[in-house]
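Undergrad: need coordinates for the below:
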Amino acid sequence: MNLDHLYYFKTLVETKSRSATAEKLAITPSTLSLAIAKLERELNTSLLDKKRGSVSLTTDGQVFYEYIATALRFVDGGIKILQERNGGGGSLKAKLPSEQFFRSRTKTGQKSLAVLGFKPMEMFA
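TA: Model (predicted):
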């Protein structure tokens, strides 16, 4: 079972909107639909009522949501604890025009990124 698919399902239940879920997770609606369909195949049950335009849970979907919402809170909590213990979080990668200058600084273990003095149109000059 794919952990991302569990997050997709949880987010879909909470937003009650396929398009809002796809946007929030930065995936396509098609990717979301395929992930939910795969979960349903793996579990051999329907999680959602298939009504166009609305998101509602089946009885099995409600039971599954309650379990995975709790489980994913524990996963997120474990990740957060280890990140805090080991001095921070992940990394940021971005492709940007070379004319932009960045400064990184650390304050009390928190990472921040400051964009220094450029005007948006300068990116395209």
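
Undergrad: and T31, how far is that from A37?
TA: Distance of T31 to A37, computed by C-beta to C-beta, to the nearest Å: 11 Å. In this view, the C-beta of every residue, glycine as well, is placed from N, C-alpha and C.

Undergrad: show me where this structure has its strands.
TA: Secondary structure of the chain (DSSP state E): strands located at 48-49, 56-57, 101-107, 110-116.

Undergrad: pick out the shakiest of these, pLDDT-wise.
TA: Lowest mean pLDDT of the strands of the chain: strand 101-107, a mean of 44.

Undergrad: low pLDDT regions in this protein?
TA: 53, 88-125 (pLDDT under 70).

Undergrad: the helices in it, which residues?
TA: 3-15, 18-25, 29-43, 59-85 (DSSP state H).

Undergrad: for K51, which of the ones you listed is the nearest?
TA: helix 18-25 (11.5 Å; C-beta to C-beta).

Undergrad: got a list of contacts for that closest one?
TA: Applying C-beta atoms under 8 Å, 6 or more residues apart in numbering, the contact partners of helix 18-25 are 7-8, 11-12, 15, 28-29, 31-33, 55.

Undergrad: of these, which is the most crowded?
TA: L12 (26 neighbours; other C-beta atoms under 10 Å).

Undergrad: how about that one, what does it touch?
TA: 18, 21, 32, 36, 48, 55.

Undergrad: redo those residues as JSON lines? Include distance to F64.
TA: Listed next are the contacts of L12 as JSON lines, based on distance: C-beta to C-beta, whole Å:
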{"residue": "R18", "distance to F64": "18"}
{"residue": "T21", "distance to F64": "16"}
{"residue": "L32", "distance to F64": "16"}
{"residue": "I36", "distance to F64": "11"}
{"residue": "L48", "distance to F64": "10"}
{"residue": "V55", "distance to F64": "14"}
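
Undergrad: from these, which is closest to E84?
TA: When these are compared against E84 (criterion: C-beta to C-beta), the nearest one is T21, at 28.4 Å.

Undergrad: any idea how far I81 is from the closest one?
TA: 27 Å.

Undergrad: the more surrounded of the two?
TA: T21 (23 against 10).
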